[in-house]
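S.K.: show me the folded form of this:
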Amino acid sequence: MIPLLEKQWYIEAPWGRIALIAWGDCTDSPVLLCHGQVDSAACFRPLVRMLPRKYYYIAMELPGNGKSDHMPPGLMMGAYDLVFSIKLVADHFRWTQFTYIAHSLGTLLGKLFNMTFPGRMSHIIDLDPTPAYKTVSQHQLSSWYQEYFVSYFQKYQKLMSPKEKAPKYTYEKAFEMMKKNRGLTDEATKTALERILEPAGKGLVRFTFDQRAKLITIPPLPPQYLKQLYTSITTPTLSILAEDSIQNGAYKMAPFVFEEDPIRNYRVRRVEGNHDVHVSFPERIAPCIIDFMVKSRCSG
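M.R.: This is a model prediction of the structure:
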């Protein structure tokens, strides 16, 4: 098979630059990929290599992640703030419609974008969308506020620290931390570290992501409202759920995520693996995506 052409560059945003990695021919139907919390576009490379060549794939990096610039200091970062990054990318390429593939936090951003700008996303593929189905009932509002707002200001000085003050590690230590924290294979760990580390002198490295990327504010939607909201979406959607996340109760408060609906073309596939199965074992999910893209006639 001919190697897939890869290109890396930036587009301008009001606060700085958004980094992109693209694969394929720009004249083909567009597919936008969006990563999860504290991650980079590189983590989609193993999966894209297994997908059909007749699409043009662009993986974006959210503000403060990968090679993208940080948001201005001092501001909190919420899901609604990050949605604008998706709009910037889609508008830059003048896409009237595009297919959207996202992981984790990126799936929540996709839901919010799709409801805010209906019709722009022609098809949606969610990879273990745990943050998108996080609910907050009335009696949990206090803990939700504590988790995001109180925690943010308690950690304010650390969250605002420039990357030059970030802890320094040997590459081996950074590798060990990443592998353990995300449960990745060795090869996947190398991929995950590729765009979020930089040399820090004396043979050491440091992480470059914005500390605020660890604390993205998620809307406090109650279970009943979340179900009503999401089941009203008619955009053809494939939701791929990781068994480890299911067993850990990630979707306990949103059981409707398992309910396929042929009327609105909502499909569900369960795969063995953890939250980052798309990086460590892309071969487990690629056939599901290909089948969906072919049968749904994703045309972008």
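
S.K.: shouldn't residue 99 be in contact with residue 122?
M.R.: Yes: counting by CB atoms under 8 Å, residue 122 is a contact partner of residue 99 at 5.9 Å. All C-beta spots, glycine's among them, are computed from the backbone N, C-alpha and C.

S.K.: neighbour count winner among those two?
M.R.: For residue 99 versus residue 122, neighbours defined as other CB atoms under 10 Å are more numerous around residue 99 (25 against 21).

S.K.: what about the more buried one, which SS state?
M.R.: strand (DSSP: H, G, I helix; E, B strand; the rest coil).

S.K.: hey, what's it bridged with?
M.R.: Beta bridges link residue 99 to residue 31, residue 123 when assigned by DSSP bridges.

S.K.: how near is it to residue 220?
M.R.: 30 Å (CB to CB, to the nearest Å).

S.K.: again with residue 197
M.R.: From residue 197 to residue 220 the distance is 34 Å (CB to CB).

S.K.: how about the strands in the protein?
M.R.: Taking DSSP state E, the strands of the chain run over residues 6-13, 16-23, 29-34, 55-60, 98-103, 121-127, 197-201, 204-207, 237-242, 266-271.

S.K.: could you dump the ones you listed to TSV with distance to residue 141 and mean pLDDT?
M.R.: As requested, the strands of the chain are exported to TSV (distance: least, CB to CB, whole Å; pLDDT from 0 to 100):
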stretch	distance to residue 141	mean pLDDT
strand 6-13	32	96
strand 16-23	33	98
strand 29-34	28	98
strand 55-60	32	97
strand 98-103	27	98
strand 121-127	26	98
strand 197-201	38	95
strand 204-207	32	97
strand 237-242	27	98
strand 266-271	29	97
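
S.K.: so where is the chain shaky, pLDDT-wise?
M.R.: Along the chain, the model assigns pLDDT under 70 to residues 1-3, 297-300.

S.K.: select the longest helix from it.
M.R.: Secondary structure of the chain per DSSP state H: the longest helix is helix 79-92.

S.K.: what packs against it?
M.R.: Helices and strands touching helix 79-92, by 3 or more CB pairs under 8 Å, 6 or more residues apart in numbering; DSSP states H and E, are strand 6-13, strand 16-23, strand 29-34, strand 55-60, helix 105-116.
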